[in-house]
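Participant: curious how this folds, go ahead:
(chains A and B)
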Amino acid sequence: MSTVQDHWQKPPFIENKLLRYGLYIVVFGYLSVTLVTLPVNWQRVAEGMERASRIFGGAFPPSFERSGLLIDGFLESLKIAILASVGGILLSVPLAFMAAKNISAKPIYLLGRGLIIIARSFHPVIVAIIFVKAVGFGPLAGVLTLIVYSIGFVAKLLAEKIEEIDFGQVEAMKSAGAPFLSTIAYAVFPQVMPRLVGLSIYQLDSNLRASAVVGIVGAGGIGATLANAFGRYDYDFALAITMVIVGVILISEAFSGVIRKRIS
Amino acid sequence: MLEITHLIKSYGDAAPVLKDLHLKVEGEQVVSVIGSSGAGKSTLLRCINRLVEPTSGSIVLNGTEFTTLGKRELRTARRRIGMVFQSFNLVDRLTVMENVQSGRLGYISTWAALTRNYPKDDIRRAFELMERVGIAQYANKRTDELSGGERQRVGVVRALMQRPEILLADEPTASLDPKTSEQIMGLLRDLASELNLPVIINIHNVGEAKEYSDRIVGMRYGKIIFDDLPAALGTEEMDAIYSGTPADERPSMGAAA
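Facilitator: Numbers count the residues shown, from 1 in each chain, chains lettered A, B, ... in the order given. Here you go, the predicted structure:
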(Lines give C-alpha, C1' and ligand atoms only; values in the text may rest on other atoms or scores of the structure.)
Protein backbone atom coordinates (compact mmCIF):
# COMPACT_ATOMS: atom_id res chain seq x y z
CA MET A 1 0.00 0.00 0.00
CA SER A 2 2.73 2.40 0.90
CA THR A 3 4.77 2.13 -2.28
CA VAL A 4 5.36 5.60 -3.63
CA GLN A 5 4.61 6.06 -7.27
CA ASP A 6 7.70 6.78 -9.40
CA HIS A 7 5.95 7.01 -12.71
CA TRP A 8 4.24 10.15 -13.98
CA GLN A 9 3.08 11.20 -17.39
CA LYS A 10 1.69 14.54 -18.47
CA PRO A 11 -2.05 14.11 -18.99
CA PRO A 12 -2.86 14.24 -22.72
CA PHE A 13 -4.31 17.43 -24.17
CA ILE A 14 -7.54 15.62 -25.08
CA GLU A 15 -8.42 13.06 -22.46
CA ASN A 16 -10.97 11.02 -24.39
CA LYS A 17 -8.98 8.51 -26.47
CA LEU A 18 -11.66 8.12 -29.11
CA LEU A 19 -11.94 11.87 -29.52
CA ARG A 20 -8.15 12.30 -29.59
CA TYR A 21 -7.35 9.72 -32.26
CA GLY A 22 -10.56 10.49 -34.11
CA LEU A 23 -9.49 14.13 -34.38
CA TYR A 24 -6.03 13.15 -35.68
CA ILE A 25 -7.58 10.91 -38.33
CA VAL A 26 -10.05 13.57 -39.45
CA VAL A 27 -7.35 16.25 -39.76
CA PHE A 28 -4.91 14.04 -41.70
CA GLY A 29 -7.69 12.60 -43.82
CA TYR A 30 -8.97 16.05 -44.78
CA LEU A 31 -5.47 17.31 -45.58
CA SER A 32 -4.71 14.36 -47.91
CA VAL A 33 -8.07 14.65 -49.66
CA THR A 34 -7.47 18.37 -50.26
CA LEU A 35 -3.99 17.74 -51.64
CA VAL A 36 -5.21 15.00 -53.99
CA THR A 37 -8.24 16.93 -55.27
CA LEU A 38 -6.49 20.30 -55.71
CA PRO A 39 -6.65 21.07 -59.41
CA VAL A 40 -3.08 21.60 -60.55
CA ASN A 41 -2.53 21.64 -64.28
CA TRP A 42 1.14 20.72 -64.57
CA GLN A 43 1.29 21.69 -68.20
CA ARG A 44 0.16 25.21 -67.33
CA VAL A 45 2.72 25.35 -64.56
CA ALA A 46 5.46 24.44 -67.03
CA GLU A 47 4.30 27.12 -69.46
CA GLY A 48 4.13 29.58 -66.58
CA MET A 49 7.72 28.85 -65.66
CA GLU A 50 8.71 29.84 -69.15
CA ARG A 51 6.72 33.07 -68.91
CA ALA A 52 8.21 33.79 -65.52
CA SER A 53 11.70 33.42 -66.86
CA ARG A 54 10.82 35.81 -69.68
CA ILE A 55 9.53 38.38 -67.18
CA PHE A 56 12.56 38.07 -64.95
CA GLY A 57 14.84 38.15 -67.97
CA GLY A 58 13.19 41.35 -69.14
CA ALA A 59 13.45 42.83 -65.66
CA PHE A 60 17.24 42.74 -65.58
CA PRO A 61 18.86 45.12 -65.31
CA PRO A 62 16.30 47.30 -63.50
CA SER A 63 15.74 50.61 -65.22
CA PHE A 64 15.68 53.85 -63.33
CA GLU A 65 15.29 55.86 -66.53
CA ARG A 66 11.85 57.15 -65.62
CA SER A 67 12.74 57.92 -62.05
CA GLY A 68 10.61 61.09 -62.17
CA LEU A 69 7.50 58.94 -62.48
CA LEU A 70 8.76 56.72 -59.71
CA ILE A 71 9.31 59.65 -57.34
CA ASP A 72 5.91 61.15 -58.17
CA GLY A 73 4.27 57.81 -57.45
CA PHE A 74 6.05 57.55 -54.16
CA LEU A 75 5.22 61.05 -53.05
CA GLU A 76 1.58 60.30 -53.81
CA SER A 77 1.75 57.09 -51.79
CA LEU A 78 3.29 58.99 -48.91
CA LYS A 79 0.51 61.59 -49.07
CA ILE A 80 -2.12 58.86 -49.17
CA ALA A 81 -0.53 57.09 -46.20
CA ILE A 82 -0.26 60.25 -44.09
CA LEU A 83 -3.77 61.50 -44.83
CA ALA A 84 -5.23 58.06 -44.23
CA SER A 85 -3.32 57.65 -40.97
CA VAL A 86 -4.44 61.01 -39.60
CA GLY A 87 -8.04 60.47 -40.67
CA GLY A 88 -8.09 56.89 -39.52
CA ILE A 89 -6.67 57.69 -36.10
CA LEU A 90 -9.04 60.62 -35.57
CA LEU A 91 -11.96 58.29 -36.27
CA SER A 92 -10.45 55.39 -34.34
CA VAL A 93 -10.24 57.20 -31.01
CA PRO A 94 -13.99 57.81 -30.52
CA LEU A 95 -14.77 54.41 -32.03
CA ALA A 96 -12.38 52.71 -29.62
CA PHE A 97 -14.10 54.38 -26.67
CA MET A 98 -17.45 53.28 -28.02
CA ALA A 99 -16.17 49.74 -28.37
CA ALA A 100 -14.73 49.48 -24.85
CA LYS A 101 -16.95 47.39 -22.62
CA ASN A 102 -15.93 49.13 -19.40
CA ILE A 103 -16.70 52.63 -20.72
CA SER A 104 -19.74 52.40 -22.96
CA ALA A 105 -23.31 51.33 -22.40
CA LYS A 106 -24.22 48.04 -24.04
CA PRO A 107 -25.94 49.39 -27.21
CA ILE A 108 -23.11 51.82 -27.93
CA TYR A 109 -20.58 49.09 -27.25
CA LEU A 110 -22.28 46.79 -29.74
CA LEU A 111 -22.45 49.55 -32.34
CA GLY A 112 -18.75 50.34 -31.88
CA ARG A 113 -17.74 46.68 -32.05
CA GLY A 114 -19.94 46.21 -35.09
CA LEU A 115 -18.35 49.10 -36.97
CA ILE A 116 -14.88 47.81 -36.15
CA ILE A 117 -15.78 44.29 -37.27
CA ILE A 118 -17.08 45.68 -40.58
CA ALA A 119 -13.87 47.70 -41.05
CA ARG A 120 -11.82 44.58 -40.33
CA SER A 121 -13.75 42.05 -42.32
CA PHE A 122 -12.54 43.09 -45.78
CA HIS A 123 -9.00 43.06 -47.04
CA PRO A 124 -7.87 46.55 -48.13
CA VAL A 125 -7.76 45.41 -51.76
CA ILE A 126 -11.47 44.59 -51.71
CA VAL A 127 -12.27 47.88 -49.97
CA ALA A 128 -10.13 49.65 -52.57
CA ILE A 129 -12.05 48.05 -55.44
CA ILE A 130 -15.31 49.30 -53.90
CA PHE A 131 -13.98 52.82 -53.38
CA VAL A 132 -12.47 52.98 -56.86
CA LYS A 133 -15.91 52.12 -58.22
CA ALA A 134 -17.51 54.70 -55.91
CA VAL A 135 -15.21 57.72 -56.25
CA GLY A 136 -13.16 56.86 -59.34
CA PHE A 137 -9.51 56.09 -59.96
CA GLY A 138 -6.89 57.99 -58.02
CA PRO A 139 -5.57 58.82 -54.60
CA LEU A 140 -8.93 59.71 -52.99
CA ALA A 141 -10.01 56.08 -53.26
CA GLY A 142 -6.68 55.10 -51.72
CA VAL A 143 -7.10 57.48 -48.78
CA LEU A 144 -10.63 56.26 -48.06
CA THR A 145 -9.53 52.63 -48.27
CA LEU A 146 -6.68 53.08 -45.88
CA ILE A 147 -8.86 55.05 -43.45
CA VAL A 148 -11.10 51.99 -43.21
CA TYR A 149 -8.04 49.77 -42.87
CA SER A 150 -6.60 51.99 -40.10
CA ILE A 151 -9.88 51.95 -38.16
CA GLY A 152 -9.99 48.18 -38.25
CA PHE A 153 -6.58 47.94 -36.64
CA VAL A 154 -6.13 51.02 -34.43
CA ALA A 155 -9.68 51.16 -33.05
CA LYS A 156 -9.71 47.47 -32.22
CA LEU A 157 -6.37 47.42 -30.39
CA LEU A 158 -7.04 50.74 -28.67
CA ALA A 159 -10.43 49.47 -27.46
CA GLU A 160 -8.71 46.43 -26.00
CA LYS A 161 -6.20 48.65 -24.25
CA ILE A 162 -9.00 50.79 -22.84
CA GLU A 163 -10.63 47.66 -21.45
CA GLU A 164 -7.40 46.86 -19.60
CA ILE A 165 -6.97 50.16 -17.78
CA ASP A 166 -6.81 50.53 -14.02
CA PHE A 167 -10.43 51.39 -13.29
CA GLY A 168 -9.59 52.85 -9.88
CA GLN A 169 -8.61 56.12 -11.53
CA VAL A 170 -12.00 56.30 -13.19
CA GLU A 171 -13.65 55.64 -9.83
CA ALA A 172 -11.65 58.47 -8.31
CA MET A 173 -12.93 60.92 -10.94
CA LYS A 174 -16.47 59.61 -10.56
CA SER A 175 -16.38 60.04 -6.82
CA ALA A 176 -15.31 63.66 -7.35
CA GLY A 177 -18.44 64.19 -9.46
CA ALA A 178 -16.56 64.61 -12.75
CA PRO A 179 -18.66 64.64 -15.95
CA PHE A 180 -18.18 61.84 -18.48
CA LEU A 181 -15.81 63.56 -20.92
CA SER A 182 -13.64 65.01 -18.16
CA THR A 183 -13.37 61.53 -16.64
CA ILE A 184 -12.28 60.13 -19.99
CA ALA A 185 -9.76 62.92 -20.49
CA TYR A 186 -8.21 62.62 -17.03
CA ALA A 187 -8.56 58.99 -16.00
CA VAL A 188 -8.58 57.02 -19.25
CA PHE A 189 -6.71 58.96 -21.90
CA PRO A 190 -3.40 59.29 -20.02
CA GLN A 191 -3.42 55.52 -19.46
CA VAL A 192 -3.85 54.65 -23.14
CA MET A 193 -1.85 57.52 -24.66
CA PRO A 194 1.47 55.65 -25.08
CA ARG A 195 -0.37 52.80 -26.75
CA LEU A 196 -2.17 55.19 -29.08
CA VAL A 197 1.09 56.82 -30.13
CA GLY A 198 2.68 53.41 -30.75
CA LEU A 199 -0.28 52.21 -32.76
CA SER A 200 -0.35 55.40 -34.82
CA ILE A 201 3.29 55.12 -35.80
CA TYR A 202 2.86 51.49 -36.67
CA GLN A 203 -0.24 52.29 -38.69
CA LEU A 204 1.54 55.01 -40.68
CA ASP A 205 4.20 52.51 -41.59
CA SER A 206 1.60 49.89 -42.40
CA ASN A 207 -0.45 52.32 -44.51
CA LEU A 208 2.61 53.16 -46.59
CA ARG A 209 3.01 49.45 -47.35
CA ALA A 210 -0.69 48.96 -48.03
CA SER A 211 -0.86 52.04 -50.27
CA ALA A 212 1.45 50.25 -52.71
CA VAL A 213 -0.97 47.29 -52.82
CA VAL A 214 -4.22 49.21 -53.17
CA GLY A 215 -2.66 51.29 -55.95
CA ILE A 216 -2.61 48.19 -58.12
CA VAL A 217 -6.42 48.12 -58.26
CA GLY A 218 -6.51 51.81 -59.17
CA ALA A 219 -6.38 53.65 -55.87
CA GLY A 220 -3.40 55.83 -56.78
CA GLY A 221 0.17 56.05 -55.54
CA ILE A 222 3.17 53.91 -56.35
CA GLY A 223 0.94 50.85 -56.81
CA ALA A 224 -0.70 52.50 -59.79
CA THR A 225 2.72 53.25 -61.27
CA LEU A 226 3.70 49.63 -60.75
CA ALA A 227 0.50 48.30 -62.31
CA ASN A 228 1.04 50.57 -65.33
CA ALA A 229 4.61 49.39 -65.73
CA PHE A 230 3.44 45.79 -65.79
CA GLY A 231 0.65 46.65 -68.19
CA ARG A 232 3.16 48.10 -70.62
CA TYR A 233 5.56 45.14 -70.25
CA ASP A 234 8.17 47.51 -68.76
CA TYR A 235 9.50 44.77 -66.54
CA ASP A 236 12.79 46.55 -65.94
CA PHE A 237 10.96 49.62 -64.65
CA ALA A 238 8.66 47.38 -62.58
CA LEU A 239 11.69 45.79 -60.94
CA ALA A 240 13.11 49.23 -60.17
CA ILE A 241 9.82 50.22 -58.53
CA THR A 242 9.68 46.98 -56.54
CA MET A 243 13.22 47.47 -55.29
CA VAL A 244 12.47 51.01 -54.19
CA ILE A 245 9.28 49.86 -52.44
CA VAL A 246 11.23 47.25 -50.49
CA GLY A 247 13.89 49.83 -49.61
CA VAL A 248 11.41 52.43 -48.44
CA ILE A 249 9.49 49.91 -46.36
CA LEU A 250 12.69 48.68 -44.74
CA ILE A 251 13.61 52.23 -43.82
CA SER A 252 10.17 53.15 -42.53
CA GLU A 253 9.96 49.95 -40.53
CA ALA A 254 13.31 50.56 -38.89
CA PHE A 255 12.31 54.15 -38.20
CA SER A 256 8.96 53.30 -36.64
CA GLY A 257 10.58 50.52 -34.63
CA VAL A 258 13.05 52.95 -33.10
CA ILE A 259 10.33 55.47 -32.24
CA ARG A 260 8.04 52.85 -30.73
CA LYS A 261 10.88 51.54 -28.61
CA ARG A 262 11.68 55.04 -27.39
CA ILE A 263 8.16 55.83 -26.21
CA SER A 264 7.42 52.55 -24.44
CA MET B 1 -24.04 65.11 9.42
CA LEU B 2 -24.22 61.73 7.75
CA GLU B 3 -27.00 59.43 8.76
CA ILE B 4 -27.31 55.89 7.45
CA THR B 5 -30.45 53.93 8.29
CA HIS B 6 -31.60 50.43 7.38
CA LEU B 7 -28.83 50.10 4.79
CA ILE B 8 -28.91 46.75 3.01
CA LYS B 9 -26.67 45.67 0.16
CA SER B 10 -26.92 42.29 -1.45
CA TYR B 11 -25.51 40.91 -4.66
CA GLY B 12 -28.04 38.74 -6.45
CA ASP B 13 -29.61 36.03 -4.31
CA ALA B 14 -26.61 35.59 -2.03
CA ALA B 15 -26.77 36.55 1.63
CA PRO B 16 -26.56 40.34 1.96
CA VAL B 17 -23.13 41.92 2.41
CA LEU B 18 -24.62 44.68 4.55
CA LYS B 19 -27.48 43.69 6.82
CA ASP B 20 -29.63 46.58 8.00
CA LEU B 21 -26.91 49.01 9.05
CA HIS B 22 -27.39 52.15 11.10
CA LEU B 23 -24.63 54.71 11.43
CA LYS B 24 -24.56 58.38 12.31
CA VAL B 25 -21.44 60.52 11.91
CA GLU B 26 -21.29 64.20 12.74
CA GLY B 27 -19.05 67.11 13.58
CA GLU B 28 -15.35 66.70 13.01
CA GLN B 29 -15.34 63.13 14.22
CA VAL B 30 -12.76 60.66 12.97
CA VAL B 31 -14.53 57.30 12.81
CA SER B 32 -12.55 54.17 12.13
CA VAL B 33 -14.33 51.14 10.78
CA ILE B 34 -12.59 47.87 11.61
CA GLY B 35 -13.42 44.28 10.82
CA SER B 36 -11.95 41.29 9.02
CA SER B 37 -11.77 41.10 5.25
CA GLY B 38 -15.20 40.49 3.81
CA ALA B 39 -16.99 42.13 6.73
CA GLY B 40 -18.41 44.74 4.36
CA LYS B 41 -16.34 47.78 5.35
CA SER B 42 -15.47 48.71 1.81
CA THR B 43 -19.00 48.09 0.57
CA LEU B 44 -20.34 50.34 3.32
CA LEU B 45 -18.04 53.18 2.32
CA ARG B 46 -18.77 52.77 -1.39
CA CYS B 47 -22.50 52.72 -0.78
CA ILE B 48 -22.26 56.19 0.74
CA ASN B 49 -21.21 57.85 -2.53
CA ARG B 50 -22.90 55.12 -4.55
CA LEU B 51 -19.83 53.73 -6.26
CA VAL B 52 -21.76 50.66 -5.13
CA GLU B 53 -25.54 50.87 -5.42
CA PRO B 54 -27.26 50.12 -2.11
CA THR B 55 -30.10 47.61 -2.33
CA SER B 56 -32.29 49.47 0.15
CA GLY B 57 -32.10 51.86 3.05
CA SER B 58 -31.41 55.54 3.41
CA ILE B 59 -28.25 57.64 3.36
CA VAL B 60 -28.68 61.29 4.25
CA LEU B 61 -25.84 63.81 4.14
CA ASN B 62 -26.74 67.21 5.61
CA GLY B 63 -30.33 66.93 4.46
CA THR B 64 -29.76 65.31 1.05
CA GLU B 65 -31.10 61.80 0.58
CA PHE B 66 -28.44 60.09 -1.55
CA THR B 67 -30.11 56.79 -2.38
CA THR B 68 -32.84 58.30 -4.56
CA LEU B 69 -30.75 60.78 -6.56
CA GLY B 70 -30.95 60.66 -10.35
CA LYS B 71 -27.81 60.32 -12.45
CA ARG B 72 -27.17 64.03 -12.87
CA GLU B 73 -28.07 64.94 -9.30
CA LEU B 74 -25.81 62.17 -8.06
CA ARG B 75 -22.90 63.62 -10.00
CA THR B 76 -23.26 67.05 -8.37
CA ALA B 77 -23.95 65.48 -4.98
CA ARG B 78 -20.79 63.38 -5.20
CA ARG B 79 -18.75 66.58 -5.16
CA ARG B 80 -19.74 66.90 -1.51
CA ILE B 81 -18.08 63.61 -0.55
CA GLY B 82 -14.32 63.28 -0.77
CA MET B 83 -12.79 59.84 -1.13
CA VAL B 84 -9.27 58.55 -0.50
CA PHE B 85 -8.31 55.12 -1.83
CA GLN B 86 -6.02 52.31 -0.77
CA SER B 87 -4.20 52.21 -4.09
CA PHE B 88 -4.28 56.03 -4.31
CA ASN B 89 -5.96 55.91 -7.73
CA LEU B 90 -3.87 58.79 -9.00
CA VAL B 91 -3.27 59.32 -12.69
CA ASP B 92 0.38 58.34 -12.95
CA ARG B 93 1.11 60.12 -16.19
CA LEU B 94 -0.24 63.47 -15.09
CA THR B 95 1.48 66.01 -12.89
CA VAL B 96 0.72 66.39 -9.21
CA MET B 97 -1.11 69.65 -9.93
CA GLU B 98 -3.31 68.01 -12.56
CA ASN B 99 -4.11 65.21 -10.14
CA VAL B 100 -4.95 67.66 -7.40
CA GLN B 101 -7.14 69.70 -9.74
CA SER B 102 -8.95 66.56 -10.84
CA GLY B 103 -10.79 66.88 -7.54
CA ARG B 104 -12.43 69.95 -9.07
CA LEU B 105 -13.58 68.24 -12.25
CA GLY B 106 -17.14 68.21 -10.97
CA TYR B 107 -17.11 72.00 -10.79
CA ILE B 108 -15.28 73.12 -13.93
CA SER B 109 -16.35 72.69 -17.54
CA THR B 110 -14.93 69.86 -19.63
CA TRP B 111 -13.28 72.46 -21.86
CA ALA B 112 -11.53 74.08 -18.90
CA ALA B 113 -10.46 70.61 -17.76
CA LEU B 114 -9.09 69.70 -21.21
CA THR B 115 -7.19 72.96 -21.61
CA ARG B 116 -5.98 72.87 -17.98
CA ASN B 117 -7.47 76.33 -17.58
CA TYR B 118 -8.10 76.08 -13.84
CA PRO B 119 -9.77 78.94 -11.94
CA LYS B 120 -7.37 81.12 -9.91
CA ASP B 121 -9.16 80.26 -6.68
CA ASP B 122 -8.65 76.55 -7.29
CA ILE B 123 -4.96 77.02 -8.00
CA ARG B 124 -4.53 79.06 -4.85
CA ARG B 125 -6.40 76.48 -2.79
CA ALA B 126 -4.32 73.69 -4.35
CA PHE B 127 -1.08 75.37 -3.37
CA GLU B 128 -2.38 76.05 0.14
CA LEU B 129 -3.38 72.44 0.66
CA MET B 130 -0.23 71.06 -0.95
CA GLU B 131 1.81 73.35 1.27
CA ARG B 132 -0.15 72.11 4.28
CA VAL B 133 0.62 68.45 3.60
CA GLY B 134 4.16 69.12 2.33
CA ILE B 135 3.98 68.33 -1.37
CA ALA B 136 3.92 71.82 -2.90
CA GLN B 137 7.43 71.39 -4.30
CA TYR B 138 6.22 68.49 -6.46
CA ALA B 139 3.46 70.44 -8.26
CA ASN B 140 5.05 69.90 -11.69
CA LYS B 141 6.29 66.36 -11.12
CA ARG B 142 4.56 63.34 -12.52
CA THR B 143 2.87 61.41 -9.71
CA ASP B 144 4.65 58.17 -10.56
CA GLU B 145 7.89 59.83 -9.46
CA LEU B 146 6.59 60.20 -5.89
CA SER B 147 6.91 57.83 -2.93
CA GLY B 148 3.88 56.03 -1.51
CA GLY B 149 3.37 58.47 1.34
CA GLU B 150 3.67 61.45 -0.98
CA ARG B 151 1.24 59.90 -3.40
CA GLN B 152 -1.35 59.36 -0.71
CA ARG B 153 -0.92 63.00 0.28
CA VAL B 154 -1.78 63.90 -3.30
CA GLY B 155 -4.83 61.64 -2.93
CA VAL B 156 -5.87 63.44 0.25
CA VAL B 157 -5.39 66.89 -1.27
CA ARG B 158 -7.38 65.84 -4.35
CA ALA B 159 -10.28 64.80 -2.14
CA LEU B 160 -10.07 68.02 -0.11
CA MET B 161 -10.12 70.12 -3.29
CA GLN B 162 -13.76 69.13 -3.60
CA ARG B 163 -14.43 71.10 -0.39
CA PRO B 164 -16.25 68.02 0.79
CA GLU B 165 -18.71 67.83 3.66
CA ILE B 166 -17.35 64.43 4.63
CA LEU B 167 -14.22 62.47 3.81
CA LEU B 168 -14.25 58.72 3.19
CA ALA B 169 -10.95 56.86 3.32
CA ASP B 170 -10.95 53.25 2.12
CA GLU B 171 -7.91 51.66 3.76
CA PRO B 172 -5.80 54.73 3.04
CA THR B 173 -2.69 53.30 4.69
CA ALA B 174 -2.82 49.64 3.64
CA SER B 175 -0.24 50.14 0.86
CA LEU B 176 2.13 52.15 3.05
CA ASP B 177 4.94 51.27 5.43
CA PRO B 178 4.17 51.63 9.18
CA LYS B 179 5.89 54.99 9.64
CA THR B 180 4.30 56.63 6.60
CA SER B 181 1.03 55.03 7.55
CA GLU B 182 1.08 56.80 10.92
CA GLN B 183 1.90 60.10 9.25
CA ILE B 184 -1.08 59.79 6.94
CA MET B 185 -3.40 58.83 9.81
CA GLY B 186 -2.12 61.80 11.82
CA LEU B 187 -2.68 64.04 8.82
CA LEU B 188 -6.25 62.84 8.38
CA ARG B 189 -6.98 63.43 12.07
CA ASP B 190 -5.47 66.93 12.03
CA LEU B 191 -7.23 67.90 8.80
CA ALA B 192 -10.54 66.72 10.23
CA SER B 193 -10.30 69.21 13.06
CA GLU B 194 -8.73 72.01 10.97
CA LEU B 195 -11.40 71.81 8.28
CA ASN B 196 -14.20 70.80 10.63
CA LEU B 197 -14.74 67.70 8.54
CA PRO B 198 -16.05 64.30 9.60
CA VAL B 199 -13.85 61.44 8.37
CA ILE B 200 -14.71 57.75 8.05
CA ILE B 201 -11.70 55.49 7.71
CA ASN B 202 -11.70 51.81 6.88
CA ILE B 203 -8.65 50.32 8.45
CA HIS B 204 -7.08 46.96 9.26
CA ASN B 205 -4.55 48.24 11.74
CA VAL B 206 -6.41 48.29 15.05
CA GLY B 207 -3.55 50.02 16.88
CA GLU B 208 -3.67 52.96 14.48
CA ALA B 209 -7.44 52.97 14.60
CA LYS B 210 -7.41 53.33 18.38
CA GLU B 211 -4.70 55.96 18.36
CA TYR B 212 -6.04 58.27 15.68
CA SER B 213 -9.81 58.08 15.89
CA ASP B 214 -12.48 59.51 18.13
CA ARG B 215 -14.75 56.55 17.65
CA ILE B 216 -14.47 52.98 16.48
CA VAL B 217 -17.06 50.98 14.60
CA GLY B 218 -16.53 47.22 14.49
CA MET B 219 -18.15 45.27 11.69
CA ARG B 220 -18.64 41.56 11.40
CA TYR B 221 -20.24 40.00 8.36
CA GLY B 222 -22.42 42.89 7.37
CA LYS B 223 -23.45 44.03 10.82
CA ILE B 224 -22.14 46.69 13.16
CA ILE B 225 -21.44 44.87 16.41
CA PHE B 226 -19.34 47.52 18.12
CA ASP B 227 -19.70 51.30 18.13
CA ASP B 228 -17.95 53.18 20.90
CA LEU B 229 -14.93 55.18 22.01
CA PRO B 230 -11.55 53.64 21.23
CA ALA B 231 -10.92 53.05 24.92
CA ALA B 232 -13.92 50.75 25.10
CA LEU B 233 -12.43 48.37 22.57
CA GLY B 234 -11.01 45.55 24.70
CA THR B 235 -9.84 42.04 24.02
CA GLU B 236 -13.32 40.63 24.30
CA GLU B 237 -14.75 43.07 21.72
CA MET B 238 -11.79 42.42 19.43
CA ASP B 239 -12.43 38.70 19.58
CA ALA B 240 -16.06 39.23 18.73
CA ILE B 241 -15.17 41.42 15.74
CA TYR B 242 -12.47 39.20 14.30
CA SER B 243 -13.74 35.70 15.17
CA GLY B 244 -15.63 33.28 13.01
CA THR B 245 -15.96 32.84 9.29
CA PRO B 246 -18.69 33.91 6.89
CA ALA B 247 -19.90 30.31 6.94
CA ASP B 248 -20.88 30.69 10.59
CA GLU B 249 -23.43 33.21 9.52
CA ARG B 250 -25.20 30.88 7.17
CA PRO B 251 -28.18 29.35 8.92
CA SER B 252 -27.99 26.15 6.89
CA MET B 253 -24.59 25.33 8.36
CA GLY B 254 -25.72 25.65 11.94
CA ALA B 255 -22.89 23.51 13.35
CA ALA B 256 -20.71 26.50 14.24
CA ALA B 257 -20.82 28.43 17.49
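
Participant: in chain A, which residue sits closest to chain B?
Facilitator: Closest contact between chain A and chain B, by Cβ to the nearest Cβ, is at A:G177 (2.8 Å). The C-beta positions use only the backbone N, C-alpha and C, and glycine is treated the same way.

Participant: sec struct for that residue, please.
Facilitator: Taken by DSSP: H, G, I helix; E, B strand; the rest coil, the conformation at A:G177 corresponds to coil.

Participant: do A:A46 as well
Facilitator: Recorded secondary structure, A:A46: helix (three-state DSSP).

Participant: what about it, distance to A:L38?
Facilitator: Shown here: A:A46 relative to A:L38, a distance of 17 Å by Cβ to Cβ, to the nearest Å.

Participant: quick one on the thing from earlier: just give the number of residues close to the residue of chain A closest to chain B.
Facilitator: By other Cβ atoms under 10 Å in any protein chain shown, 23 other residues sit near A:G177.

Participant: tell me which helix or strand the residue in the stretch 1-150 of chain B that chain A sits nearest to sits in.
Facilitator: The minimum distance from the stretch 1-150 of chain B to chain A, using Cβ to the nearest Cβ, falls at B:G106 (2.8 Å). B:G106 belongs to no helix or strand when elements are defined using DSSP states H and E.

Participant: verify the contact between it and A:S175 for me.
Facilitator: No: the criterion here is Cβ atoms under 8 Å, and B:G106 misses it with A:S175 at 9.4 Å.

Participant: overlap of the contact sets of these two?
Facilitator: B:R78 (Cβ atoms under 8 Å, 6 or more residues apart in numbering or on different chains).

Participant: now for residue 18, how many residues are close by?
Facilitator: In the absence of a named chain, chain A is used. When neighbours are counted by other Cβ under 10 Å, A:L18 comes out with 8.

Participant: sorry, should have said chain B
Facilitator: Around B:L18 there are 26 residues (other Cβ under 10 Å).

Participant: now do the same for the helix or strand where A:T145 lies: mean pLDDT, whole number.
Facilitator: Secondary structure assignment for A:T145, by DSSP H and E: helix A:139-150. Throughout helix A:139-150, pLDDT has a mean value of 90.

Participant: near chain B at all, the next helix or strand after it?
Facilitator: Heading C-terminal from helix A:139-150, the first helix or strand you meet, by DSSP H and E, is helix A:156-163. No: Helix A:156-163 does not reach chain B (Cβ under 8 Å from any Cβ of the partner chain); its nearest approach is 13.7 Å.

Participant: once you drop chain neighbours, what's closest to the residue of chain A closest to chain B?
Facilitator: B:G106 (2.8 Å; Cβ to Cβ, 6 or more residues apart in numbering or on different chains).

Participant: please report how far B:P16 lies from B:K210.
Facilitator: Applying Cβ to Cβ, the value for B:P16 to B:K210 is 29 Å.

Participant: ok, these two, which is more surrounded?
Facilitator: Set side by side, B:P16 and B:K210 show more neighbours around B:P16, with 19 against 15, by other Cβ under 10 Å.

Participant: tell me the SS of the more buried one?
Facilitator: Once three-state DSSP is applied, B:P16 turns out coil.

Participant: quick one: residues contacting it.
Facilitator: So B:P16 contacts B:I8, B:K9, B:S10, B:T55, B:G222 (Cβ under 8 Å, 6+ apart).

Participant: can we see that at 10 Å?
Facilitator: B:L7, B:I8, B:K9, B:S10, B:G40, B:T43, B:T55, B:S56, B:Y221, B:G222, B:K223 (Cβ atoms under 10 Å, 6 or more residues apart in numbering or on different chains).

Participant: which of these fall in helices?
Facilitator: Mapping the contacts of B:P16 onto helices (DSSP state H) picks out B:T43.

Participant: correct me, but B:E194 touches B:L167?
Facilitator: No: look at B:E194 against B:L167 with Cβ atoms under 10 Å: they stay out of range, at 12.0 Å.

Participant: more neighbours, the two?
Facilitator: With neighbours defined as other Cβ under 10 Å, B:E194 and B:L167 compare such that B:L167 has more, 24 against 10.

Participant: in the helix or strand harbouring the more buried one, what counts as buried?
Facilitator: Using DSSP H and E, the element containing B:L167 is strand B:166-170. Neighbour-count burial for strand B:166-170, with 16 or more other Cβ atoms under 10 Å in any protein chain shown as criterion, is recorded at B:I166, B:L167, B:L168, B:A169, B:D170.

Participant: what is the nearest of those to A:I130?
Facilitator: Among those, B:D170 lies closest to A:I130 (Cβ to Cβ), at 53.6 Å.

Participant: that closest one contacts B:S87, doesn't it?
Facilitator: Yes: counting by Cβ under 10 Å, B:D170 touches B:S87, with 9.4 Å between them.

Participant: low-confidence ranges, chain A, go.
Facilitator: Across chain A, the ranges flagged by pLDDT under 70 are A:1-2, A:264.

Participant: could you do the stretch 151-257 of chain B as well?
Facilitator: B:244-257.

Participant: for it, what spans make up the helices?
Facilitator: B:178-194, B:206-212, B:235-242 (DSSP state H, counting those that start in this stretch).

Participant: up against chain B, what does the stretch 51-200 of chain A have?
Facilitator: A:166-191, A:193-194 (Cβ under 10 Å from any Cβ of the partner chain).

Participant: among these, which are located in strands?
Facilitator: Residues of these located in strands (DSSP state E): none.

Participant: write the PyMOL selection for whichever of these are buried.
Facilitator: Of these, the buried ones can be selected in PyMOL as follows, counting by 16+ other Cβ under 10 Å:
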select buried, chain A and resi 167+169+170+171+172+173+174+175+176+177+178+179+182+183+184+185+186+187+188+189+190+191
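
Participant: what's the burial count for B:R220?
Facilitator: 22.

Participant: related to what we said a few turns ago, so what does the strand holding B:L167 touch, helix or strand wise?
Facilitator: strand B:30-34, helix B:41-48, strand B:81-84, helix B:148-161, helix B:178-194, strand B:199-202 (3 or more Cβ pairs under 10 Å, 6 or more residues apart in numbering or on different chains; DSSP states H and E).
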